[in-house]
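Enquirer: For reference, the sequence and a predicted model appear below.
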Amino acid sequence: MLVKVFGSAVFGVEATTITVEVNMDKGIGYHLVGLPDNAIKESSYRIAAALKNNGYTMPGKKITINMAPADLRKEGSAYDLTLAIGILEASNQIKAKEIDQYIIMGELSLDGSLQPIKGALPIAIKAKEEGFKGFFLPLENVQEAAIVSGLDVYGVQNLKEVVDFLEGKGNLEPTKIDTRTEFFKTLDFPEFDFSDVRGQESIKRCMEIAAAGGHNIILIGPPGAGKTMLAKRLPSILPPMTLREALETTKIHSVAGKLKEVGLMNQRPFRSPHHTVSNVALVGGGSYPQPGEISMAHNGVLFLDELPEFKRDVLEVMRQPLEDREVTISRAKFTVTYPSSFMLVASMNPSPSGYFNDPNVPQSASPHEMQRYLSKISGPLLDRIDIHIEVTPVPFEKLADNQKGESSVAIRERVIEARNKQSKRFENSDTIHYNAQMSTRQIREFCELDENSKNLLKNAMERLNLSARAYDRILKVSRTIADLDNSEAISATHIAEAIQYRSLDRDGWLG
């Protein structure tokens with residue numbers, strides 16, 4: 001007897017429906033074909049034990065299982081439940097109703113209980129697109145899959161619950177989630193708030209500009225100046241994610257199996273990998289490519305603390321994703337593309353000791369030592385960072401001041417207003433939504449300068465020996481400053497402020 005059951009495979013952040021064909025025939029043997037990996041090949045042992053412990057048997061017949069499309073590699077233990085239901089139906093141990101109307105996924109324990117799977121959200125989205133009625137999956141994953149409306153999502157704890165429902169004996173209820181209510185519930189209560197920051201007004205201004213235009217930023221300062229504290233608060237002033245952005249971000253975390261929140265993610269991610277991170281862990285990869293830190297930070301912030309301590313080759317592989325806002329991982333038989341549109345926030349000490357040119361600290365580094373330390377970061381990477389700003393320690397008087405600073409919610413209102421201007425400006429573009437994403441053509445169109453501004457920028461380019469890419473960065477940042485200033489035209493004042501945010505350009509830094 002031939003039975004067809006449906007599962008799903010995830011490639012990148014998209015799912016592909018897998019048809020599991022189970023054929024029962026005379027003879028003895030268990031044959032699994034369709035490019036399964038070792039985890040799937042070992043499933044026969046888990047399935048046999050789970051069936052026996054739930055009152056069923058593994059048929060003593062010739063079982064042939066094909067996972068179509070047969071030329072697509074399948075991996076992982078999430079097909080255990082799919083295969084088990086197919087075997088039970090093909091051997092006439094159960095009479096399942098409408099079995100072809102459901103996607104069935106889950107890893108079986110030996111007692112028949114289910115373990116969580118990866119990629120539940122993209123699987124649910126694909127199931128809805130292809131017109132399936134429902135989706136059975138482990139209870140731990142039901143909240144993320146139930147985000148998809150128009151699909152009955154059933155969270156089950158064991159094999160028996162699925163069998164009873166398919167035979168019309170169970171009373172499982174699909175999980176329903178009010179996506180919009182969940183999404184907007186905690187937007188105005190950030191964990192880290194700028195009102196807790198004492199002093200550092202100029203740095204707060206830089207953070208506001210970076211958030212308003214989506215610009216990458218690097219903070220340079222001695223230990224204890226507050227670089228990490230400021231970076232952690234940046235997501236609190238970014239505009240709230242749209243439902244589309246939240247769905248994209250949740251899909252990536254679902255595929256990686258690192259979805260911490262219940263249901264839809266409503267806070268922008270903040271990722272802070274250690275400086276010992278490898279190339280693969282940062283950009284993604286492996287024999288079966290998984291998303292890396294830059295994709296996990298999609299629509300959020302990637303914070304690289306102590307930037308010169310990262311291996312140079314690790315930083316260099318980030319150059320292309322910073323420009324293209326996606327990373328493509330190629331293997332011999334397939335290519336996977338993960339989105340990676342993130343804001344890069346980096347921090348570093350100005351020298352190995354951390355106290356370059358500080359008259360109050362005796363172990364101050366020499367200009368030569370500092371130059372050697374800075375050379376660990378390549379010029380092309382620094383050119384991709386729009387804003388360089390020095391962070392100085394806060395004096396005791398300001399630290400002891402009990403007066404609260406401006407809250408993240410108040411700053412975010414100005415950021416949202418500036419982003420709304422940019423959305424209107426780029427309404428005819430599908431790929432560009434804020435100033436940092438502008439191409440050279442759009443910079444020429446939206447960043448026109450008067451004569452005073454041109455002369456000021458010309459002098460700065462010559463004196464600081466800036467590259468063409470740095471020229472574009474200055475124009476982008478000045479466009480954002482003008483947006484925050486409610487100005488349609490870019491003035492010399494905006495250009496001057498943008499120029500001073502290029503501290504790390506070599507000639508300018510060393511005077």
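Expert: Looks like it came in fine. Everything numeric in this text was worked out from a predicted model, so none of it was measured.

Enquirer: so what's residue 347 closest to, chain neighbours aside?
Expert: Nearest residue to residue 347 in three dimensions, chain neighbours excluded: residue 227, at 3.9 Å (CB to CB, 6 or more residues apart in numbering). Quick note: C-beta positions are derived from backbone N, CA and C, even for glycine.

Enquirer: if I look at that neighbour, how far off is residue 304?
Expert: Between residue 227 and residue 304 the distance is 11 Å, computed by CB to CB, to the nearest Å.

Enquirer: joint contacts of these two?
Expert: In terms of CB atoms under 8 Å, 6 or more residues apart in numbering, residue 227 and residue 304 are both contacted by the residues residue 347.

Enquirer: In contact with residue 210, which residues?
Expert: 216, 217, 234, 343, 345, 386, 387.

Enquirer: how about the second one, what does it touch?
Expert: Counting by CB under 8 Å, 6+ apart, residue 217 touches 206, 207, 210, 343, 344, 345, 346, 385, 386, 387, 388, 389.

Enquirer: from the residues you listed, which would you call buried?
Expert: For those, a burial check counting by 16 or more other CB atoms under 10 Å picks out 206, 207, 210, 343, 344, 345, 346, 385, 386, 387, 388, 389.

Enquirer: mind checking the SS state of the second one?
Expert: Same thing as residue 207. Residue 207 carries the three-state label helix when classified by DSSP: H, G, I helix; E, B strand; the rest coil.

Enquirer: Count the residues that sit near the closest residue in space to it that isn't next to it in sequence.
Expert: Leaving aside its sequence neighbours, residue 207 sits nearest to residue 234 (CB to CB, 6+ apart; 5.7 Å). Residue 234 has 23 neighbours, counted by other CB atoms under 10 Å.

Enquirer: hang on, the earlier thing: what's around the residue nearest to residue 347, how many residues?
Expert: Counted with other CB under 10 Å, residue 227 comes out at 26.

Enquirer: With residue 263 instead?
Expert: What residue 263 shows, counting by other CB under 10 Å, is a neighbour count of 21.

Enquirer: ditto for residue 418
Expert: Quick note: residue 418 (other CB under 10 Å) scores 25 neighbours.

Enquirer: Can I take it that it is in a helix?
Expert: Yes - counting by three-state DSSP, residue 418 is found in a helix.

Enquirer: wait, doesn't residue 296 sit right on residue 255?
Expert: No - using CB atoms under 8 Å as the test, residue 296 is too far from residue 255 to be in contact (10.0 Å).

Enquirer: re earlier: okay, the residue nearest to residue 207 and residue 408: tell me how far apart.
Expert: According to CB to CB, residue 234 and residue 408 sit 9 Å apart.

Enquirer: For the longest strand seen in the chain, C-alpha coordinates in PDB please.
Expert: Counting by DSSP state E, the longest strand found in the chain is strand 14-25. Below are the C-alpha coordinates for strand 14-25, written out as PDB (Å, rounded to 0.1, in the frame of the first residue of the first chain):
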ATOM      1  CA  GLU A  14      12.700  29.600   2.800                       C
ATOM      2  CA  ALA A  15      11.000  26.200   3.100                       C
ATOM      3  CA  THR A  16      10.300  23.600   0.500                       C
ATOM      4  CA  THR A  17       7.500  21.000   0.800                       C
ATOM      5  CA  ILE A  18       8.800  17.400   1.000                       C
ATOM      6  CA  THR A  19       6.500  14.600  -0.100                       C
ATOM      7  CA  VAL A  20       7.200  11.400   1.900                       C
ATOM      8  CA  GLU A  21       6.000   8.400   0.000                       C
ATOM      9  CA  VAL A  22       5.800   5.200   2.100                       C
ATOM     10  CA  ASN A  23       5.200   1.900   0.200                       C
ATOM     11  CA  MET A  24       4.500  -1.400   2.000                       C
ATOM     12  CA  ASP A  25       5.200  -4.600   0.100                       C
END
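
Enquirer: Which residues does it contact?
Expert: Outside strand 14-25, the residues that reach it (CB under 8 Å, 6+ apart) are 1-10, 59, 61-69, 72, 74, 79, 82-83, 86-87, 89-91, 103, 119, 122-123, 125-127, 130.

Enquirer: Paired strands for it, with orientation please.
Expert: Paired strands of strand 14-25, with direction, are strand 2-11 (antiparallel), strand 62-68 (antiparallel) (DSSP bridges).

Enquirer: Tell me where the stretch 251-400 of the chain is predicted with low confidence.
Expert: 261-262, 351-367, 396, 399-400 (pLDDT under 70).

Enquirer: and residue 6, what pLDDT?
Expert: We note a pLDDT of 97 for residue 6 in this prediction.

Enquirer: pretty sure it is touching residue 85, no?
Expert: No - the criterion here is CB under 8 Å, and residue 6 misses it with residue 85 at 10.0 Å.

Enquirer: what is in contact with these two at once?
Expert: With CB under 8 Å, 6+ apart, residue 6 and residue 85 have common neighbours residue 104.

Enquirer: Looking at these two, which one has more neighbours?
Expert: Neighbour totals were compared for residue 6 and residue 85, and residue 85 leads with 27 against 21 (other CB under 10 Å).

Enquirer: Quick check: the gap between the more buried one and residue 306.
Expert: Distance from residue 85 to residue 306, by CB to CB: 51 Å.

Enquirer: which residue ranges form the helices in the stretch 51-200 of the chain?
Expert: Secondary structure of the stretch 51-200 of the chain by DSSP state H, counting those that start in this stretch: the helices cover 80-90, 120-129, 142-145, 159-166, 179-184.

Enquirer: Select, out of these, the one closest to residue 441.
Expert: With CB to CB as the criterion, residue 441 lies closest to helix 120-129 of these, at 34.1 Å.

Enquirer: Give me the helices and strands touching the closest one, please.
Expert: Applying 3 or more CB pairs under 8 Å, 6 or more residues apart in numbering; DSSP states H and E, one finds that helix 120-129 makes contact with strand 2-11, strand 14-25, strand 134-138, helix 142-145, helix 243-256.

Enquirer: All set, thanks.
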